[in-house]
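K.L.:
Pasted the sequence and its predicted model underneath.
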Amino acid sequence: MSTQTILKKSSLDFLEQYLNNASPTGFEAEGQKIWMDYLKPYVDTFITDTYGTAVGVINPDAKYKVVIEGHADEISWYVNYITDDGLIYVIRNGGSDHQIAPSKRVNIHTKKGIVKGVFGWPAIHTRMRDKEEVPKPTNIFIDCGCDTKAEVEALGVHVGCVITYPDTFTILNDNKFVCRAIDNRMGGFMIAEVARLLHENKIKLPFGLYITNSVQEEVGLRGAEMITKTIRPNVAIVTDVCHDSTTPMIDKKIEGETKIGKGPVVTYAPAVQNNLRELILDTAEANKIPFQRLASSRVTGTDTDAFAYSNGGVASALISLPLRYMHTTVEMVHRDDVENVIKLIYETLLKLENNDNFSYFKS
């Protein structure tokens, strides 16, 4: 299977629609509906749970269960306080970056619809008279053009409304995908593409496949923690993003060396089951899929940790997509890496043996 044939125009149309839609942590349902609608032709049934995790299932009656997983949520802000003169102060919903906020346009999500606003910031002329103040969670604020708190509330804005950025999908230099929320709706996209390829190539898997799009990863892997108890899988292959550490101001001695365009990143970590990881690496080498390696000292910081330590231990591994500018509105990945992650997960599924427990103690 050539990587050049993986992403079709219909795939990219779905990706653009899926990324442009807002799915902040705790409010992922609309994005999940888009994802499920795309996935529907390629699966037998769906599972959803109370908080919105969505799972497309192939072979739901099989006893041996394999998960491929990404997470659906994006970082955002909450309205926390509205001043008497109509300015809005915020708190984080996930790991939102306060330093990129000043001068950004925002969408405030209300029951009346989207209310537009901007993160205001004092002009440079007024900031240089003394030591310049930097953006902090306590001093960034949103202006939605209102003069009073009552005007803000009349628009439908109240404490607890969630706030996202409107920045949309674009492609730079033909092969760089750029958008907010690539972390990690690109993961949901890639596992959906794996399901499409299995269907189009008429692959009959001997096990149950659970294409899992978890919610609430950005606040502590919560969606994965919940859904793994529902599925009770035997194996989990998780995909998320990792840093392109060749980006300026990142220390490779701390972050390791991974770069966009150089292939999927396979992680070494306590939560990663060694035999499953080696199966993935063997698959990459056999199929001439380029890959990179990354080490995590204690936790991966991804849904891999939630799956690995659930249900008495689930053989889990992490295949990451290298990304520049994480948790900004210009997150960037390389098309080749996207296609190679899809290909690596697909080919690994073809090599997985039904009922393999990945034991270190096989006689």
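P.N.:
Right, received. Where do you want to start?
K.L.:
show me where the stretch 101-250 of the chain has strands.
P.N.:
105-110, 113-120, 141-143, 162-164, 170-172, 176-179, 208-214, 235-243 (DSSP state E, counting those that start in this stretch).
K.L.:
Output those in TSV, with mean pLDDT appended to each entry.
P.N.:
Converted to TSV, the strands of the stretch 101-250 of the chain look like this (pLDDT from 0 to 100):
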stretch	mean pLDDT
strand 105-110	98
strand 113-120	98
strand 141-143	98
strand 162-164	98
strand 170-172	98
strand 176-179	98
strand 208-214	98
strand 235-243	98
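K.L.:
any idea which of those is most buried?
P.N.:
strand 208-214 (a mean of 28; mean count of other CB atoms under 10 Å). C-beta coordinates here come from the backbone N, C-alpha and C atoms, glycine included.
K.L.:
ok, that one: who's next to it in the sheet?
P.N.:
Here strand 208-214 has these sheet partners by DSSP bridges: strand 54-58 (antiparallel), strand 65-71 (parallel).
K.L.:
so residue 47, which of the three states?
P.N.:
Three-state call for residue 47 (DSSP: H, G, I helix; E, B strand; the rest coil): strand.
K.L.:
Enumerate every residue touching it.
P.N.:
Counting by CB atoms under 8 Å, 6 or more residues apart in numbering, residue 47 touches 54-55, 57, 210, 227, 230-231.
K.L.:
and which of those residues is nearest to residue 317?
P.N.:
Closest to residue 317 out of these is residue 210 (15.1 Å), distances taken as CB to CB.
K.L.:
For the spatially closest residue to the closest one that is not a sequence neighbour, give me the pLDDT.
P.N.:
Excluding its sequence neighbours, the residue lying closest to residue 210 (CB to CB, 6 or more residues apart in numbering) is residue 67, at 4.7 Å. Model confidence at residue 67, given as pLDDT, is 99.
K.L.:
wait, residue 67 sits on residue 307?
P.N.:
Yes - using CB atoms under 8 Å, residue 67 is in contact with residue 307, at 6.7 Å.
K.L.:
Can you pick out the residue with more neighbours from these two?
P.N.:
Set residue 67 next to residue 307 and count neighbours by other CB atoms under 10 Å: residue 307 wins out with 31 against 26.
K.L.:
residues in contact with residue 62?
P.N.:
By CB under 8 Å, 6+ apart, the residues touching residue 62 are 206-208.
K.L.:
ok, now with 7 Å
P.N.:
Counting by CB atoms under 7 Å, 6 or more residues apart in numbering, residue 62 touches 207-208.
K.L.:
hang on, the earlier thing: filter the contacts of residue 47 down to just the buried residues.
P.N.:
With burial judged by 16 or more other CB atoms under 10 Å, the buried subset of the contacts of residue 47 is 54-55, 57, 210, 227, 231.
K.L.:
Nearest to residue 152 among those?
P.N.:
If you rank the buried ones among the contacts of residue 47 by distance to residue 152 using CB to CB, residue 54 comes first, at 33.8 Å.
K.L.:
Tell me what that closest one is bridged to.
P.N.:
residue 48, residue 213.
K.L.:
who touches it in this structure?
P.N.:
Applying CB under 7 Å, 6+ apart to residue 54 gives the contacts 32, 35-36, 46, 48, 213.
K.L.:
pLDDT below threshold where in the stretch 1-150 of the chain?
P.N.:
1-5 (pLDDT under 70).
K.L.:
and with 90 instead?
P.N.:
Across the stretch 1-150 of the chain, the ranges flagged by pLDDT under 90 are 1-6, 125-133.
K.L.:
Let me see the ranges of the helices in it.
P.N.:
Secondary structure of the stretch 1-150 of the chain (DSSP state H, counting those that start in this stretch): helices at 9-20, 29-39, 149-154.
K.L.:
Please report the distance of the nearest residue to residue 295 once chain neighbours are set aside from residue 351.
P.N.:
Nearest non-adjacent residue to residue 295, counting by CB to CB, 6+ apart: residue 268, 4.7 Å away. Residue 268 sits 20 Å away from residue 351, going by CB to CB, to the nearest Å.
K.L.:
between the two, who's got more neighbours?
P.N.:
Neighbour count, other CB under 10 Å: between residue 268 and residue 351, residue 268 has more, with 15 against 12.
K.L.:
Tell me, what's the model's pLDDT at that one?
P.N.:
Residue 268 carries a pLDDT score of 98 in this model.
K.L.:
Please report how far it lies from residue 294.
P.N.:
In terms of CB to CB, residue 268 sits 7 Å off from residue 294.
K.L.:
How about residue 178?
P.N.:
Residue 178 is 23 Å from residue 294, by CB to CB.
K.L.:
Residue 278 too?
P.N.:
On the measure of CB to CB, residue 278 and residue 294 end up 15 Å apart.
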